[in-house]
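Asks: Here you go, sequence then predicted model.
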Amino acid sequence: MNSKEVDQILKSYMQLKTDLLKIAQCIDCCAEEEKEHYRTEALHYSKKLKKLKETIEETYGLKICQCCFHPND
């Protein structure tokens, strides 16, 4: 696997993180009847994020630290 492919995988990981943060913000500001929907979505994204992180670490031997990424990287 070349560096462009790894870069694309890491960008996908960061996009999942960004989407999860947006969903979490919706939970804080949405109407009460919408909160359950956004909680379910947040759980779904959280599971996908964890699975992708584990796959990246196992496949490429990369250790992904949660504090190392910034949204504009």
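Replies: Perfect, I can see it now. The model shown is predicted, which means the values in this text are computed figures rather than measured ones.

Asks: got the buried residues for whatever helix or strand residue 51 lives in?
Replies: If you go by DSSP states H and E, residue 51 is part of helix 32-60. With burial defined by 16 or more other C-beta atoms under 10 Å, the residues of helix 32-60 counted as buried are 38, 41, 42, 45, 49, 52, 53, 56. C-betas here are computed from N, CA, C, even on glycine.

Asks: separation between the fourth one and residue 8?
Replies: Read that as residue 45. Distance of residue 45 to residue 8, computed by C-beta to C-beta, to the nearest Å: 19 Å.

Asks: which ones are touching the closest residue in space to residue 35 that isn't next to it in sequence?
Replies: Once flanking residues are discounted, residue 35 sits nearest to residue 27: 5.8 Å by C-beta to C-beta, 6 or more residues apart in numbering. With C-beta atoms under 8 Å, 6 or more residues apart in numbering as the criterion, the residues that contact residue 27 are 35, 38, 39, 42.

Asks: where in the protein is pLDDT low?
Replies: Within the chain, the ranges that satisfy pLDDT under 70 run 1, 66-73.

Asks: Thank you kindly, that will do.
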